[in-house]
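1. coords below, sequence missing:
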């Protein structure tokens with residue numbers, strides 16, 4: 001056997017890979033598969049941002065830049081945090097990374113020592129616990145109950161904190177469930193955190209612009225005077241500006257943490273891609289940015305409401321209404337114990353595999369997010385696809401015996 005590092009064995013392979021590979025194989029064979037797995041907007045990057053990238057290439061902005069980016073991008077991000085979030089970060093309190101995922105990984109590596117605990121509400125994004133493992137940390141899961149809209153309570157958070165707890169990670173609006181906390185609910189959690197002076201917060205706010213039904217977004221670090229110096233705020237261009245492939249993430253926070261992350265980055269990627277940096281700054285400062293975001297948000301709000309209504313109309317399916325992001329997370333546990341064409345359904349993985357094989361609809365099992373009773377459907381697709389896919393799910397449910 002090739003002598004791989006032990007840390008590689010710590011990381012779990014995603015149980016959704018088999019379903020993803022099967023969906024690709026079916027499409028290659030000519031099968032019409034409706035895909036609800038997309039974790040990215042189906043919109044194109046706004047034209048003015050793409051034009052800025054072309055101009056950067058034409059100007060020869062293809063060389064090394066300072067770590068982590070040009071000063072202009074740090075200044076634009078700091079301006080965005082001040083303007084949109086009420087966070088008084090200065091440019092020296094900003095760093096960037098190759099997407100939000102890379103930013104989170106660097107932050108875990110910069111802060112966690114072996115045995116440090118990270119308190120993580122479930123359902124959670126699949127990469128959080130894997131990154132904690134790689135950094136030597138231990139994840140303590142708090143279950144957000146479906147009956148409470150998947151949100152944890154202050155009492156749950158207080159009970160989960162131990163002397164070894166170093167980080168509390170909050171993601172609102174959330175992947176995979178699309179749930180979001182109200183300002184009052186976040187304030188109650190912030191008061192718990194404030195009572196533990198050694199506790200650091202990672203606030204993953206990448207879906208901040210995709211909120212619905214009049215919900216107001218607030219950044220966690222603004223909710224208590226003690227938290228500004230104990231919170232790292234994560235964001236990226238991927239979701240708000242439909243720039244997933246550009247790989248532009250950023251963090252605002254206390255300068256010692258940002259300096260530590262920059263030190264790591266100086267030995268890793270050095271900086272994000274040079275010719276994306278000034279277009280990324282333009283996205284945050286040009287008035288066309290908010291206009292494009294709002295148009296996309298309105299479209300997602302209508303799609304999300306429609307998918308949620310159709311899912312809840314299916315027999316035996318329960319779905320919490322999405323308040324943000326672009327996901328529905330229905331409970332399909334009433335199908336457990338039933339069979340289709342000789343396949344017995346026992347959890348979300350077997351449900352997803354059977355639905356893909358028999359109904360030609362691809363969904364993401366919730367097992368990797370802490371909920372084996374649920375599946376994730378993305379409404380980052382057309383209304384026509386949503387209806388076609390839900391129709392197929394309805395027919396699949398009728399076929400179960």
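-> Nice, thanks for sending it over. A quick note: this is a predicted structure, and the numbers were derived from the prediction, not measured. Numbering: from 1, shown residues only.
2. domains of the chain?
-> Per automatic domain parsing, the structural domains of the chain span 6-44+291-399, 63-286.
3. Tell me which of those domains is the most buried.
-> Across these, averaging neighbours per residue (mean count of other C-beta atoms under 10 Å) puts domain 63-286 on top, at a mean of 20. C-betas here are computed from N, CA, C, even on glycine.
4. Adding distance to residue 55, write the domains of the chain out as a markdown table.
-> Formatted as a markdown table, these follow (distance: least, C-beta to C-beta, whole Å):
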| stretch | distance to residue 55 |
| --- | --- |
| domain 6-44+291-399 | 18 |
| domain 63-286 | 8 |
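5. Select, out of the ones you listed, the one closest to residue 52.
-> For residue 52, the closest of the domains of the chain is domain 63-286, at 3.8 Å, according to C-beta to C-beta.
6. mean confidence score for that closest one?
-> Averaged over domain 63-286, pLDDT sits at 97.
7. can you tell me the distance between the two ends of it?
-> Taking C-alpha to C-alpha, to the nearest Å, the first and last residues of domain 63-286 lie 25 Å apart.
8. give me every residue that touches residue 128.
-> Applying C-beta atoms under 8 Å, 6 or more residues apart in numbering, we find residue 128 in contact with 104, 118, 120, 139, 169, 171.
9. Can you list the strands that the helix or strand containing the second one pairs with?
-> Okay, so that is residue 118. For residue 118, the element it lies in under DSSP states H and E is strand 117-122. Strand pairing for strand 117-122, using DSSP bridges, gives strand 138-143 (parallel), strand 165-171 (parallel).
10. out of the ones you listed, which comes closest to residue 48?
-> That would be strand 165-171 among the strands paired with strand 117-122, by C-beta to C-beta, at 29.2 Å.
11. following that closest one, which helix or strand shows up next?
-> Downstream of strand 165-171, the next assigned helix or strand under DSSP H and E is helix 183-194.
12. what sits up against that next one?
-> Applying C-beta under 8 Å, 6+ apart, the external contacts of helix 183-194 come out as 151-152, 154, 157-158, 161, 168, 170, 172, 181, 199, 201, 216, 218, 220, 223-224, 226-227, 230.
13. Distance-wise, check residue 39 relative to residue 16.
-> 11 Å (C-beta to C-beta, to the nearest Å).
14. cool, and residue 282?
-> Going from residue 282 to residue 16 by C-beta to C-beta gives 35 Å.
15. cool, and residue 95?
-> For residue 95, the distance to residue 16 (C-beta to C-beta) stands at 30 Å.
16. same thing with residue 52?
-> 35 Å.
17. Likewise for residue 379?
-> In this view, residue 379 and residue 16 are 18 Å apart by C-beta to C-beta.
18. residue contacts, the residue nearest the centre of the chain?
-> The centroid of the chain falls nearest to residue 175 when counting by C-alpha atoms, centre = their mean (4.7 Å). Applying C-beta under 8 Å, 6+ apart to residue 175 gives the contacts 39, 125, 207, 325, 327.
19. Show me what the longest helix along the chain is packed against.
-> In terms of residue count, the longest helix belonging to the chain (DSSP state H) is helix 288-312. Applying 3 or more C-beta pairs under 8 Å, 6 or more residues apart in numbering; DSSP states H and E, we find helix 288-312 packed against strand 327-328, helix 383-399.
20. Redo the ones you listed as a markdown table? Include distance to residue 85 and mean pLDDT.
-> Below are the helices and strands packed on helix 288-312 laid out as a markdown table (distance: least, C-beta to C-beta, whole Å; pLDDT from 0 to 100):
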| stretch | distance to residue 85 | mean pLDDT |
| --- | --- | --- |
| strand 327-328 | 23 | 98 |
| helix 383-399 | 32 | 98 |
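21. Indicate which one of those is closest to residue 308.
-> strand 327-328 (5.6 Å).
22. Helix or strand next in line after the closest one, which one?
-> Using DSSP H and E, the next helix or strand after strand 327-328 towards the C-terminus is strand 339-340.
23. Would you pull up how far that following strand lies from the middle of the chain?
-> Between the centre of strand 339-340 and the centre of its host chain there is 33 Å, according to C-alpha atoms, centre = their mean, to the nearest Å.
24. One more: stretch 196-205?
-> Put simply, stretch 196-205 sits 17 Å off its chain's centre (C-alpha atoms, centre = their mean).
25. Show the end-to-end separation of it, please.
-> The straight-line separation of the ends of stretch 196-205 (C-alpha to C-alpha) is 22 Å.
26. ok, and what's touching it?
-> Applying C-beta under 8 Å, 6+ apart, the contact partners of stretch 196-205 are 85, 100, 104, 107, 111, 125, 161, 165-172, 193, 217, 219-221, 226-227, 230-235.
27. cutoff 6 Å now
-> For stretch 196-205, the surrounding residues in contact (C-beta atoms under 6 Å, 6 or more residues apart in numbering) are 161, 167-171, 193, 220, 230-235.
28. Can you give me the distance of the residue nearest to the centre of the chain to residue 328?
-> Taking C-beta to C-beta, one finds residue 175 at 12 Å from residue 328.
29. cool, residue 7 as well?
-> For residue 7 relative to residue 328 (C-beta to C-beta), the value is 35 Å.
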